[in-house]
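Engineer: here is a sequence with its predicted model. Questions after.
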Amino acid sequence: MLQKFIVIYSNDALRKHGILPPREPTPPTPSPPSSPKLEDIVAGASTSELQELEDEAIDSETERMIASYRQQRLAELREQTRNARFGEIYPISREDYTKEVTDASKVDSSEESKIKGTGVVCFLYKDG
């Protein structure tokens, strides 16, 4: 143990006089990662997880923010469900034509639309 101290001491003395190059500075230790923000937690949560977070909220501000985000997510899911009827191709009979084409074209695709109705494309063919 005494030998190491002497070697370290003599190396420091040699560095002091410029015989040995100076020590490289030790790299700074990285700071620990910050705790996740509430927005990050809420952004990846499902509606049931949002409900649990809302129940476990510490203060009313957090609870209000989670509730508003949950309502926004539910509105997005409703919009996706409502628009899910588009893009289907399926055969219809003559009797179904009025219901599936004429009545469907009168339904608005979104509330923001100024134009009344939805476009319907029909591919008419005859078997045989």
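Structural biologist: All right, it came through fine. Note that the structure is a prediction, hence the values are computed from the model and not measured.

Engineer: pLDDT weak spots in the chain?
Structural biologist: Residue ranges of the chain with pLDDT under 70: 1-9, 83-88, 105, 107-118.

Engineer: after the longest helix belonging to it comes which helix or strand?
Structural biologist: When the chain is scanned for its longest helix (criterion: DSSP state H), the result is helix 60-83. Next helix or strand after helix 60-83 toward the C-terminus (DSSP states H and E): helix 94-97.

Engineer: what residues of that next one count as buried?
Structural biologist: By neighbour count on 16 or more other CB atoms under 10 Å, the buried set for helix 94-97 is empty. In short, each C-beta sits where N, CA and C put it, glycine included.

Engineer: what's next to it, contact-wise?
Structural biologist: Taking contacts as CB atoms under 8 Å, 6 or more residues apart in numbering, no residue outside helix 94-97 touches it.

Engineer: chain center to that helix, what's the gap?
Structural biologist: Taking CA atoms, centre = their mean, to the nearest Å, the mean C-alpha location of helix 94-97 is offset from the chain mean by 43 Å.

Engineer: which ones are touching residue 13?
Structural biologist: Applying CB under 8 Å, 6+ apart to residue 13 gives no contacts.

Engineer: return the distance of it relative to residue 24.
Structural biologist: Per CB to CB, to the nearest Å, residue 13 is found 19 Å from residue 24.

Engineer: swap in residue 44?
Structural biologist: Using CB to CB, residue 44 is found at 42 Å from residue 24.

Engineer: ditto for residue 40
Structural biologist: 37 Å.

Engineer: between the two, who's got more neighbours?
Structural biologist: residue 40 (10 against 6; other CB atoms under 10 Å).

Engineer: which helix or strand contains the more buried one?
Structural biologist: Residue 40 belongs to helix 38-43, assigned by DSSP H and E.

Engineer: same question, residue 31
Structural biologist: Of the helices and strands defined by DSSP H and E, none includes residue 31.

Engineer: what about it, neighbour count?
Structural biologist: By other CB under 10 Å, neighbour count at residue 31 equals 6.

Engineer: list phi and psi for it.
Structural biologist: Per-residue torsions, residue 31: phi -70, psi 150 (degrees, to the nearest 10).
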